[in-house]
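Colleague: Using only what follows, build the 3D model:
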Amino acid sequence: MDLERDKPQPEMDPQRRPATPEPRVQRLGPRQEPEPVPASRQPPPPRPPKPPTRNMGSGWGMGRIAAILLLLISGGVLIGGSDEKPSPPSAPTSVIDQAESVPDEIVVDLKDNITDAQIAGLGQAVGIQLRYASAHSAAYKLMVARVNPGDRGRVLAGLRASPLVEAAEPQILYHFDQASSSVSTSRFVPNDPDYKRQWDLTMIGMEEAWTKTKGKGATVAVIDSGVGGRNPAGGVVQGQDFNRTEFATGYDFGEDIPVGPDDDGHGTHVSGTIAESTDNGLFGAGIAPEAKLMPLRVADAKGQLKLSAIADALHYAGDHGANVANLSLGGPSASDIMASSMRYAYDKGVTLVCAAGNDGKDDVGYPAKYKECITVSAVGPTGEIASYSTWGKEVDIAAPGGEPKMGEDALIYQNTFMQKKGLFGPSGPRVDGFFPMFGTSMAAPHVTGVAALLVSLGIKDPSEIRSQLRKTAKVKTPADHYGAGILDAAAAVQTTARSERQNWVQIALAIGAAGLLLTIGRNLRRPTDPMFFVHHIAIALAVGLFLPIALEKFVGFGSWWNLVGHSVVLGIIFLVLPGLDRSSFWKAVAFTLGLVIHLLLDADSGRAPFLVIPQQRILFWLAANAAVGIYFMVSTYSSAKKEMSLTLRAA
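Modeller: Alright, predicted model coming up:
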């Protein structure tokens, strides 16, 4: 017999304490009560075994790994569809110097903190007299100077070597992107409503768009040949169909005077597409008739479009509250001064819309090539790219510009001032009428007008406007001809209108969360109160719902940090952390639920803050994250139920 094996074994107590003397036990006789043991000598009651701490987010399986891979793949798809326009390389100085320019004039951009004495000394050092480009140039030190054409290279080299100079360039000349017509435009339209001629407005869905907004509250700068004709006294008279259009204070940078007439007719026609008075029984319609026009004339008496005037106009637009600026002009040469002015206006919140050019080849001009600009190519009534339209990888979107090969009815009609054409060219006085033109100059203001409609609906960030126009365009390929597709005003404003519902839902949820917090906030310092737990769940839900909005406001529309804010990855990381208890589990689930709700609202509105096309890429990202978030919440909840069941059994 194995005595050790048969010997009774003491019970193992995981909470066993050091041995204490056993209390004396009295044997009881009949009817004898036990002698009470003093409380101080009683052994402590045995503690229940403590269940092992488990991770609520543990239990990784193939399903969770597949979900993470889905997020990684969808993120790659989204990033691969980045809508960022590449920055054009800086043109070599030799190329800038050889650009078409005024032979005896240069433009100089000086350091902003330079003094008048330094300006005078700099001019004397190179043998020129520097003067401000206009009455508005002093703030940013944009100067011009006359030079001997044969001495221009030496003067520019001397200026570029000075630490006081940011850029020194020839007075580059630009041109309106209005194509030369092979179709007679001598016919005058009768003075009666002629909206039926405006096939272009029907193509982009203006009848539907006007039911949502007509552009009230937006200010559009027209950087062009001016707006309005010349009256007998030399002043400006507006066209007949601008009788209800509101104007902001503009400036004539071509002549450096407060206001100047449109001696070309180009700027008035462009302005008509943007905001010609509508529904007033005269001529045709404008896209945003309730928007305010800011005429910035950059053509001088000779019709030349100088670099200094355009740069001045961009600064003026940025400093005087313009929301959108139309530049239906261009040239083949890059310019550091132009690039700097474009950035200045863009950083001031001005959406810049530029015509791609009329060379009919793959060679987008400047300023349309700059990434700050929404670059517009032209299509005819059939939706095919116009025969004259320039194209290239910089094109963002296409819009109606007219097709001369299809006849006069395929051109763009607006109210402007034009001369009759005779055998020897235009003759006689300029007439106020409803006339056709074509070119990417005519396509760009269609996009500008719709951008003004978006501004009136509350979208003012240039990146967001560009994204909204592109993702609602009618898809057409190839992208280097049409960009994202053909402009669709109806879809652009309808999508924005749906986003207003999203805003109201978010406001309602915010009010509800605030009410809940105010009601139970008094329990914040009492962790034992059950409402303390509910309070923190509500906070986690609200944080998940509004974190993407707060992040967007901080980093700006289009930042790739918004990719993190619009992802459930943060909630997933929280859910799989080790040592997660029941309280933090529910907070993580509530946080993830808030994110999922936000993602679904964004998917409904189409307003996620990403510069990505096509829209399907964004929807894929939002849907993938929402699906993964729901999967993780459900699967982790199932794990939590098992853990809770084990805990109850152990207790």
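Colleague: got any ranges where the stretch 501-650 of the chain has weak pLDDT?
Modeller: Within the stretch 501-650 of the chain, the stretches with pLDDT under 70 are 501-535, 574-584, 605-607, 613-615, 636-637, 639-650.
Colleague: again, only this time at 80
Modeller: 501-543, 545, 547, 549-550, 552-560, 569-589, 603-618, 632-633, 635-650 (pLDDT under 80).
Colleague: Tell me where it has helices.
Modeller: 530-555, 561-565, 569-575, 582-605, 615-650 (DSSP state H, counting those that start in this stretch).
Colleague: Would you tell me which of these gets closest to Gln129?
Modeller: Gln129 lies closest to helix 530-555 among the helices of the stretch 501-650 of the chain, at 46.5 Å (CB to CB). From N, CA and C alone the C-beta is placed, and that goes for glycine too.
Colleague: Does anything pack onto the closest one? Which helices or strands?
Modeller: With contacts taken as 3 or more CB pairs under 8 Å, 6 or more residues apart in numbering; DSSP states H and E, helix 530-555 sits against helix 489-520, helix 561-565, helix 582-605.
Colleague: what angle sits between it and helix 582-605?
Modeller: With axes from the mean of the first three to the mean of the last three CA atoms, to 10 degrees as the basis, helix 530-555 and helix 582-605 are set at 40 degrees to each other.
Colleague: Now do the buried residues in stretch 258-269.
Modeller: Judged by neighbour count (16 or more other CB atoms under 10 Å), stretch 258-269 contains these buried residues: Val259, Gly260, Pro261, Asp262, Asp263, Asp264, Gly265, His266, Gly267, Thr268, His269.
Colleague: Tell me the span between the first and last residue of it.
Modeller: 21 Å (CA to CA, to the nearest Å).
Colleague: tell me the mean pLDDT over it?
Modeller: On average, the pLDDT along stretch 258-269 is 92.
Colleague: roughly how far out does it sit from the chain middle?
Modeller: A distance of 31 Å separates the centroid of the chain from that of stretch 258-269, by CA atoms, centre = their mean, to the nearest Å.
Colleague: try stretch 254-271
Modeller: Relative to the centre of its chain, stretch 254-271 is centred 30 Å away, using CA atoms, centre = their mean.
Colleague: cool, stretch 355-363 as well?
Modeller: 25 Å.
Colleague: Provide the contact partners of that stretch at residue level.
Modeller: Residues from elsewhere that reach stretch 355-363, judged by CB atoms under 8 Å, 6 or more residues apart in numbering: 177-179, 327-330, 332, 364-365, 368, 375-378, 387-392, 394-395, 439-441, 443-444, 480.
Colleague: now stretch 123-140
Modeller: With CB under 8 Å, 6+ apart as the contact definition, stretch 123-140 has outside contacts at 106-109, 112, 119-120, 122, 142-147, 151, 154-155, 158-159, 162, 251, 253, 256, 308-309, 311-312, 315-316, 319, 344.
Colleague: model confidence over it, on average?
Modeller: For stretch 123-140, mean pLDDT rounds to 94.
Colleague: Helices of the stretch 301-450 of the chain, start to end?
Modeller: Counting by DSSP H, counting those that start in this stretch, the helices of the stretch 301-450 of the chain are 307-319, 336-347, 440-456.
Colleague: Likewise for the stretch 101-250 of the chain?
Modeller: For the stretch 101-250 of the chain, the helices defined by DSSP H, counting those that start in this stretch cover 116-126, 152-160, 199-203, 206-209.
Colleague: related to what we said a few turns ago, I'd like to know which of the helices of the stretch 301-450 of the chain lies nearest to Trp210.
Modeller: Closest to Trp210 of these, according to CB to CB: helix 440-456, at 8.8 Å.
Colleague: Go ahead and measure how far that closest one is from the middle of the chain.
Modeller: How far helix 440-456 lies from its chain's middle: 15 Å, per CA atoms, centre = their mean.
Colleague: Show me what it is packed against.
Modeller: Looks like helix 440-456 contacts strand 219-224, helix 266-275, strand 324-327, strand 351-355, strand 373-379, strand 397-400, helix 462-471, helix 489-520 (3+ CB pairs under 8 Å, 6+ apart).
Colleague: okay if I get the helices of the stretch 101-250 of the chain as CSV plus mean neighbour count and distance to Val628?
Modeller: Shown next, in CSV, are the helices of the stretch 101-250 of the chain (neighbours: other CB atoms under 10 Å; distance: least, CB to CB, whole Å):
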stretch, mean neighbour count, distance to Val628
helix 116-126, 14, 61
helix 152-160, 17, 55
helix 199-203, 20, 41
helix 206-209, 19, 36
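Colleague: that older thread, among the helices of the stretch 301-450 of the chain, show me which one is buried the most.
Modeller: helix 440-456 (a mean of 31; mean count of other CB atoms under 10 Å).
Colleague: pLDDT of it, averaged?
Modeller: In this model, helix 440-456 has an average pLDDT of 98.
Colleague: cool, and stretch 96-106?
Modeller: 86.
Colleague: Check stretch 225-233 too.
Modeller: Taken as a whole, stretch 225-233 has an average pLDDT of 88.
Colleague: to the chain's geometric centre, what's the distance from it?
Modeller: 36 Å.
Colleague: rewinding a little: can I get the helices of the stretch 101-250 of the chain in a markdown table including distance to Ile572?
Modeller: Output for the helices of the stretch 101-250 of the chain, formatted as a markdown table (distance: least, CB to CB, whole Å):
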| stretch | distance to Ile572 |
| --- | --- |
| helix 116-126 | 59 |
| helix 152-160 | 55 |
| helix 199-203 | 46 |
| helix 206-209 | 41 |
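Colleague: could the helices of the stretch 501-650 of the chain go into TSV alongside distance to Ser87 and mean neighbour count?
Modeller: TSV is the format used below for the helices of the stretch 501-650 of the chain (distance: least, CB to CB, whole Å; neighbours: other CB atoms under 10 Å):
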stretch	distance to Ser87	mean neighbour count
helix 530-555	20	17
helix 561-565	20	17
helix 569-575	30	20
helix 582-605	29	21
helix 615-650	22	17
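Colleague: nearest to Lys405, of those?
Modeller: Nearest to Lys405 among these is helix 615-650; the distance by CB to CB comes to 32.8 Å.
Colleague: need the contact list for Gly272.
Modeller: Contact partners of Gly272, counting by CB under 8 Å, 6+ apart, are Gly239, Asp241, Phe242, Gly284, Gly286, Gln414, Asn415, Thr416.
Colleague: closest to Leu457 among the residues you listed?
Modeller: Lowest distance from Leu457 to the contacts of Gly272 (CB to CB) belongs to Gly286, with 17.3 Å.
Colleague: Check the gap between Leu563 and Arg617 for me.
Modeller: For Leu563, the distance to Arg617 equals 12 Å [CB to CB, to the nearest Å].
Colleague: now do Leu611
Modeller: Distance from Leu611 to Arg617, counting by CB to CB: 11 Å.
Colleague: still on that earlier bit, distance to Trp210 added to the helices of the stretch 501-650 of the chain, as TSV?
Modeller: Shown next, in TSV, are the helices of the stretch 501-650 of the chain (distance: least, CB to CB, whole Å):
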stretch	distance to Trp210
helix 530-555	30
helix 561-565	32
helix 569-575	42
helix 582-605	21
helix 615-650	23
